[in-house]
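Trainee: Sequence and predicted structure, then a few things I'm wondering about:
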Amino acid sequence: MPDDRSYDVIIIGTGAGGGTLAHRLAPSGKRVLILERGGYLPREIDNWDSTAVFVKAKYLAPETWYDRHGHEFTPEVNYYVGGNTKFFGAALFRLRPEDFGELRHHDGISPAWPIRYEDLEPYYTEAEHLYLVHGRHGEDPTEGPAGAQYLHPPVRHEPRIQQLSDDLEKQGLHPFHLPIGVDLTQADDGSATHDSVCIRCNRVDGFPCPVNGKSDAQVICVDPALEHDNVQMITGATVRRLETDPTGRTVTQVVAELEDGSTAHFAADIVVVACGAVNSAALLLRSASDTHPNGLGNSSDVVGRHYMRHNNLALMAVSREPNPTRFQKTLALNDWYFGSEDFDFPMGGIQMLGKSDAEQIRGEAPRWAGKVSPDMPFEVLAHHAVDFWLCGEDLPLPDSRVTLDGDGRLHLSIDEKNNMTGLTKLRQRLQEMLGQLGMYPHHLLDHSLYLHKGMPIGATAHQAGTIRFGTDPRSSALDINCMAHDLDNLYVVDTSFFPSIGAVNPSLTAIANALRVGDHIVERLR
């Protein structure tokens, strides 16, 4: 409900950025208001149902966006407390130190960040501890130095994945335990103990967790923050625009539409936008005024530009031996992250996906017609499936952008061929190894249900880069503390601030940065 109290900070959004920032500010005693357009995700059996989640897309927002040609598509966004972290795979990687510098790719340049890996490293460590990340520093030869080991040991491989790890090592490669955020206590054999919240099921990747065993922003940050009397949250509050004083230097009003259709105005000394890279940019563009004719904080004309979402492939191989693994998301490989002896440019990384099942495979069947044996039933194919996620970097192009048309509809433009050479090389490497990994060499199938049914523009789960930070107000929208150059009280703490995206999941970097910006805001409010 709206009220006329004044706040120290308003946070718009409760995902990896906004939820973590709320957690950071809560102990300060400052008056914090969280505005979330969604509500709490229902805890129900459909949370773990493949048909409901992947085939029918029950929990996706009933929202339509448009591409550059005006064609409709459904984006992969979820409006709930916790944001997209309710559905993420909880793979919580650090960017590599080299990702913070300029990197030359086959098809272009990945620009340098205005901060270094060393500036974010202490916050990476805090983020890993806060989000209960299980892993082991020192296994991945591409990772940067860590100030402390993970607090929780790696999630142990089940036998088929352990065999895969062993076979990769026989190829001279360096597989490592994937860092994953789960509230898991393991017995000596790796199984969940009787008091573990996580039960090591096969639903971690892409499903919400009804038992709260996954480290999402709602469970880890928002709910604990709300235990403080100085923190309040209003759900069902869709922020429509931000208004400023006559000088245009200070945000004075946050205008939101509430669940009952009424309009409410909120005010705070500091306003923080964390709606996701696409919606945060759209909010600033919708907030255009006489003093900000191109959108709020957009004198540089970069708001909405440089959109990134990773070049991803979700693939399914077919194991010669059955793969009875349940918790499959325990292994990763970065040997070709920065290239190889015969390819001098970055390719990206390989991770395991959550274990596919017969319902998911049945949903893919029309696209796989003729590519697998017609004599192999869905249930048998699922029992032999081994699922991989290939992640490559796309580049921040000015024309990959978010815009609004005259009717206020959101348009998203991307170049689907942006920097694809490295990812293509990475897929070839995996394909070439299948025979040595105990799999049928010619069965590497596109698992498009993990990529919003094969529509690259709809796969917005790793969205980033639309309100980039930097030291030059002419080429960036935010300063190094993620405050808008053009305003004195507006911050952005979701993945919008990324100048580049690297080739690892962006969530941990958003979390670490929210902790960093949170410390800055607390110091400022003092």
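Mentor: All right, it came through fine.
Trainee: drop to CA atoms for contacts and neighbour counts, all remaining ones
Mentor: Noted.
Trainee: Please tell me how far residue 390 sits from residue 156.
Mentor: In this view, residue 390 and residue 156 are 21 Å apart by C-alpha to C-alpha, to the nearest Å.
Trainee: Settle it for me: which of those two has more neighbours?
Mentor: residue 390 (26 against 22; other C-alpha atoms under 10 Å).
Trainee: pretty sure residue 208 is touching residue 46, no?
Mentor: No: counting by C-alpha atoms under 8 Å, residue 208 stays clear of residue 46, with 9.3 Å between them.
Trainee: shaky segments in the stretch 351-500 of the chain?
Mentor: 365-375, 449-455 (pLDDT under 70).
Trainee: Summarise which helices and strands the helix ranked longest in the chain is packed against.
Mentor: Criterion DSSP state H: the longest helix present in the chain is helix 507-525. The contact analysis (3 or more C-alpha pairs under 8 Å, 6 or more residues apart in numbering; DSSP states H and E) places helix 507-525 against helix 16-25, helix 117-130.
Trainee: what's the most buried one of those helices?
Mentor: Comparing the helices and strands packed on helix 507-525 by mean neighbour count (mean count of other C-alpha atoms under 10 Å), helix 16-25 comes out on top with a mean of 29.
Trainee: Tell me the strands beside the helix or strand following that helix, with direction?
Mentor: Proceeding N to C from helix 16-25, the next assigned helix or strand is strand 32-36, under DSSP states H and E. Its sheet considered, strand 32-36 pairs with strand 7-12 (parallel), strand 231-235 (parallel) by DSSP bridges.
Trainee: which residues sit against the following helix or strand past strand 32-36?
Mentor: Sequence order places helix 50 as the next helix or strand after strand 32-36, per DSSP H and E. Residues outside helix 50 that contact it (C-alpha atoms under 8 Å, 6 or more residues apart in numbering): 357, 359-360.
Trainee: got a winner among these for most neighbours?
Mentor: residue 360 (22 neighbours).
Trainee: Assign that residue to one of the three secondary structure states.
Mentor: With DSSP: H, G, I helix; E, B strand; the rest coil as the basis, residue 360 sits in helix.
Trainee: quick one: contacts for it?
Mentor: Contact partners of residue 360, counting by C-alpha under 8 Å, 6+ apart, are 50-51, 54-55, 449.
Trainee: and if we set it to 7 Å?
Mentor: residue 50 (C-alpha atoms under 7 Å, 6 or more residues apart in numbering).
Trainee: Roughly how far does it sit from residue 441?
Mentor: In this view, residue 360 and residue 441 are 22 Å apart by C-alpha to C-alpha.
Trainee: Could you do residue 337 as well?
Mentor: 23 Å.
Trainee: For those two, indicate the residue with more neighbours.
Mentor: Per other C-alpha under 10 Å, whichever of residue 337 and residue 441 has more neighbours is residue 337, with 23 against 18.
Trainee: circling back: who has more neighbours out of residue 208 and residue 46?
Mentor: Between residue 208 and residue 46, counting by other C-alpha under 10 Å, residue 208 is the more crowded of the two (28 against 16).
Trainee: Surely that one and residue 87 touch.
Mentor: Yes: Residue 208 is within contact range of residue 87, at 5.0 Å (criterion: C-alpha atoms under 7 Å).
Trainee: Run a quick neighbour tally on residue 336.
Mentor: Counted with other C-alpha under 10 Å, residues neighbouring residue 336 total 22.
Trainee: For it, report the pLDDT, please.
Mentor: Confidence at residue 336, expressed as pLDDT, is 98.
Trainee: Check residue 155 too.
Mentor: At residue 155, pLDDT is 98.
Trainee: Would you confirm that it contacts residue 134?
Mentor: Yes: if you go by C-alpha under 7 Å, residue 155 and residue 134 touch, sitting 6.2 Å apart.
Trainee: would you list every one of the helices in the stretch 151-300 of the chain?
Mentor: 159-170, 217, 223-225, 277-286 (DSSP state H, counting those that start in this stretch).
Trainee: Can you say which of those is nearest to residue 318?
Mentor: helix 159-170 (12.3 Å; C-alpha to C-alpha).
Trainee: ok, the nearest residue to residue 399 once chain neighbours are set aside to residue 471 distance?
Mentor: Spatial nearest neighbour of residue 399, chain neighbours left out: residue 305 (6.3 Å); criterion: C-alpha to C-alpha, 6 or more residues apart in numbering. As judged by C-alpha to C-alpha, residue 305 and residue 471 stand 17 Å apart.
Trainee: neighbour-wise, which of the two wins?
Mentor: residue 305 (24 against 15).
Trainee: Which secondary structure element is home to the more buried one?
Mentor: Going by DSSP H and E, residue 305 is not in any helix or strand.
Trainee: Give me the pLDDT value at it.
Mentor: As predicted, residue 305 sits at a pLDDT of 98.
Trainee: Let me know whether residue 439 touches residue 322 as I believe.
Mentor: No: applying C-alpha under 7 Å, one finds residue 439 not in contact with residue 322, separated by 10.2 Å.
Trainee: between the two, who's got more neighbours?
Mentor: When neighbours are counted by other C-alpha under 10 Å, residue 439 and residue 322 differ, and residue 439 comes out ahead with 21 against 15.
Trainee: How about the contacts made by the more buried one?
Mentor: Residue 439 touches 317-320, counting by C-alpha under 7 Å, 6+ apart.
Trainee: Turn those residues into TSV, columns for neighbour count, pLDDT and distance to residue 481.
Mentor: Shown next, in TSV, are those (neighbours: other C-alpha atoms under 10 Å; pLDDT from 0 to 100; distance: C-alpha to C-alpha, whole Å):
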residue	neighbour count	pLDDT	distance to residue 481
317	23	93	44
318	24	91	47
319	22	94	48
320	14	94	52
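Trainee: Sitting in strands, which of the residues you listed do you find?
Mentor: Mapping the contacts of residue 439 onto strands (DSSP state E) picks out 317-319.
Trainee: Relative to residue 484, which of those residues is nearest.
Mentor: Among the ones in strands among the contacts of residue 439, and counting by C-alpha to C-alpha, the member closest to residue 484 is residue 317, at 45.9 Å.
Trainee: From residue 386, how far off is the closest residue to that closest one other than its chain neighbours?
Mentor: Leaving aside its sequence neighbours, residue 317 sits nearest to residue 444 (C-alpha to C-alpha, 6+ apart; 4.7 Å). Here residue 444 is placed at a distance of 10 Å from residue 386 (C-alpha to C-alpha).
Trainee: out of the two, which sits in the more crowded spot?
Mentor: residue 386 (27 against 23).
Trainee: what about the more buried one, which SS state?
Mentor: strand.
Trainee: got a list of what it touches?
Mentor: Going by C-alpha under 7 Å, 6+ apart, residue 386 touches 316-319.
Trainee: One more: residue 30?
Mentor: Residue 30 neighbours (C-alpha under 7 Å, 6+ apart): 8, 230.
Trainee: Also residue 132?
Mentor: Neighbours of residue 132 in contact, by C-alpha under 7 Å, 6+ apart: 152, 181-183, 215.
Trainee: ok so, going back, which SS class is the residue nearest to residue 317?
Mentor: Taking three-state DSSP, the label given to residue 444 is strand.
Trainee: these two touch, right, it and residue 316?
Mentor: Yes: between residue 444 and residue 316 there is a contact under C-alpha under 7 Å: 5.5 Å.
Trainee: any idea how far residue 128 is from residue 99?
Mentor: From residue 99 to residue 128 the distance is 19 Å (C-alpha to C-alpha).
Trainee: again, but for residue 189
Mentor: Distance of residue 189 to residue 128, computed by C-alpha to C-alpha: 24 Å.
Trainee: burial measure for residue 526, as a count.
Mentor: 7.
Trainee: which stretches of the stretch 401-526 of the chain form helices?
Mentor: Under DSSP H, counting those that start in this stretch, the stretch 401-526 of the chain gives helices at 421-433, 507-525.
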